[in-house]
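Asker: Need coordinates for the following:
(one chain, ligands or ions: 2)
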Amino acid sequence: MEIKVQVNQSRKRVVNRADPLIIAGPCSAESEEQLLWTARKLATGKRTDFFRAGIWKPRTRPGNFEGVGNIGLRWLKRVKEETGLKTATEVATTTHVYEALKYGIDCLWIGARTTTNPFATQEIASALQGADVKVCVKNPVNPDPGLWLGAIERIRDAGIKDIIAIHRGFSGCGKTRFRNMPQWAIPVWLKKQIPGLPVICDPSHIAGNRELIPHITRRAMLLKFDGLMIEVHPDPVNAMSDAAQQLTPEAFKKLMEEYL
Ligand code: PEP
Ligand code: MN
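Answerer: Ligands and ions are numbered 1, 2, ... in the order given. A predicted model of the protein is given here:
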């Protein structure tokens, strides 16, 4: 499938919404203190709509930090009670879905590795049947627009009304400038397939390092994405996952001021 897109290079604000949707927070929940500290900072900044934290982490190889698991749901519940921020976490199995719904998580996201597998997305969709929850669907790891669309259709057909697509780039082989290469034409195409579907960008997982996040953010805003997912950690260098790409709350604040 050949998909082309024109980029508006003008420097004026071209974002789709007056108020882009922002999902921010650490890659992984590591402790209750880490979550509460980060959430308080983000709540004070008044720019974050959803506080994210992965509690079940899909790791490419075994032996890496695989997330804190169910206890993280209690911490997220406390984040919501204390800061008023809505919460978001990744789900990859039906058990994750049931547990997250039980704890009142407001937004569930399907990660790139899961979107790749129609069996997995169908199982998640069936577990979600009729639930009142926001569901974000990240693009699959490989640049197959049909897989992304298909996963969204399965969630939609399960009666979920509030769906958002997230462009987090596509993995390649060998050394590339970005951790996951963006293919801007694909999210633009996706938006045309489902009119009204909000599509946001995840500059953290595209860039793979802090330095390139502003560049990707600017590009996403020029392309009128509906919002952003950004990883924010109190001590990024020592984070238990994705240490190279997370921002401090201060750097996140600056990014919001400069690019939105
Ligand atoms: C994440 O958001 O931390 C994550 C694992 O994302 P992705 O599925 O985009 O790799
Ligand atoms: Mn991450």
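Asker: Every contact and neighbour count from this point should use C-alpha atoms.
Answerer: Noted.
Asker: Closest residue of this protein to ligand 1?
Answerer: Among all residues of the chain, residue 111 sits closest to ligand 1, at 3.4 Å; criterion: Cα to the nearest ligand atom.
Asker: For residue 138, see how far away that residue is.
Answerer: With distances taken as Cα to Cα, to the nearest Å, residue 111 is found 5 Å from residue 138.
Asker: ok, now residue 64?
Answerer: According to Cα to Cα, residue 64 stands 22 Å off from residue 138.
Asker: Give the burial count for residue 254, as a bare number.
Answerer: Other residues near residue 254 come to 12 when the count uses other Cα atoms under 10 Å.
Asker: Is residue 149 in a helix, a strand, or coil?
Answerer: Following DSSP: H, G, I helix; E, B strand; the rest coil, residue 149 is assigned to helix.
Asker: count of neighbours near it?
Answerer: 21.
Asker: That one touches residue 190, doesn't it?
Answerer: Yes: shown here, residue 149 and residue 190 form a contact pair, counting by Cα atoms under 8 Å, at 6.8 Å.
Asker: which ones are touching the residue most central in space within the chain?
Answerer: The chain has residue 229 as the residue nearest its centroid, 4.7 Å off, counting by Cα atoms, centre = their mean. Going by Cα atoms under 8 Å, 6 or more residues apart in numbering, residue 229 touches 22, 23, 24, 200, 201, 202, 203, 204.
Asker: Wait, a helix at it?
Answerer: No: under three-state DSSP, residue 229 falls outside any helix and is assigned strand.
Asker: Just list whatever residues bridge to it.
Answerer: Counting by DSSP bridges, residue 229 is bridged to residue 23.
Asker: again with residue 165
Answerer: Legend: beta-bridge partners of residue 165 under DSSP bridges are residue 137, residue 199.
Asker: burial measure for it, as a count.
Answerer: Residues near residue 165, counting by other Cα under 10 Å, number 25.
Asker: right, and it touches residue 145 too?
Answerer: No: using Cα under 8 Å as the test, residue 165 is too far from residue 145 to be in contact (11.7 Å).
Asker: returning to that earlier point: between residue 111 and residue 138, who's got more neighbours?
Answerer: Between residue 111 and residue 138, counted using other Cα under 10 Å, the more crowded position is residue 138 (27 against 22).
Asker: can I assume the more buried one is in contact with residue 168?
Answerer: Yes: between residue 138 and residue 168 there is a contact under Cα under 8 Å: 6.6 Å.
Asker: Can you classify residue 51 by secondary structure?
Answerer: Under three-state DSSP, the three-state class of residue 51 is strand.
Asker: OK, contacts around it?
Answerer: Contacts of residue 51 (Cα under 8 Å, 6+ apart): 23, 24, 25, 39, 85, 86, 87, 88.
Asker: Please name the residues that touch the residue nearest to it when sequence neighbours are not counted.
Answerer: Nearest residue to residue 51, sequence neighbours excluded (Cα to Cα, 6 or more residues apart in numbering): residue 87, at 4.7 Å. Residues near residue 87 by Cα under 8 Å, 6+ apart: 50, 51, 52, 76, 77, 79, 80, 105, 106, 107.
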